[in-house]
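**Student:** From the sequence below, what's the structure:
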Amino acid sequence: RDDAVGYGVLDADAAVRGGPPRTGPEVRPAPPAPAPGSSGGAAPVVVAVLVVVLVAAVIAAVVLRRRAAR
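**Tutor:** Predicted coordinates:
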């Protein structure tokens, strides 16, 4: 038994072409997920904050122009 492929895999390519089966595992485990709290999730937060600041600045500019026009 192998943790990467379990109890074995079927080599369909070798079965169809009639050649010898390939040796070694065909499946590689996925890379580990980043640890919680790592900087991998900081980019969406920064973008969201920048969008909120930009929207607030636009609203403030519109309000100030309307007050100045009175």
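**Student:** Residue ranges in this protein under the pLDDT threshold?
**Tutor:** 1-2, 4-5, 19-27, 36-41 (pLDDT under 70).
**Student:** mind listing the strands for it?
**Tutor:** Along the chain, no segments are classed as strands by DSSP state E.
**Student:** helices or strands up against the longest helix seen in the chain?
**Tutor:** For the chain, the longest helix by residue count, based on DSSP state H, is helix 42-69. Helices and strands in packing contact with helix 42-69 are not found; criterion 3 or more C-beta pairs under 8 Å, 6 or more residues apart in numbering; DSSP states H and E. Every C-beta, even on glycine, is put in place using the N, C-alpha and C of the backbone.
**Student:** What is the distance between that helix and the centre of its chain?
**Tutor:** 28 Å (C-alpha atoms, centre = their mean, to the nearest Å).
**Student:** Going by neighbour count, which residues in that helix are buried?
**Tutor:** Buried residues in helix 42-69, defined by neighbour count with 16 or more other C-beta atoms under 10 Å: none.
**Student:** what's near enough to touch residue 60?
**Tutor:** Counting by C-beta atoms under 8 Å, 6 or more residues apart in numbering, residue 60 touches no other residue.
**Student:** Relative to residue 48, how far out is it?
**Tutor:** Per C-beta to C-beta, to the nearest Å, residue 60 is found 19 Å from residue 48.
**Student:** How about residue 9?
**Tutor:** For residue 9 relative to residue 48 (C-beta to C-beta), the value is 43 Å.
**Student:** All set now, cheers.
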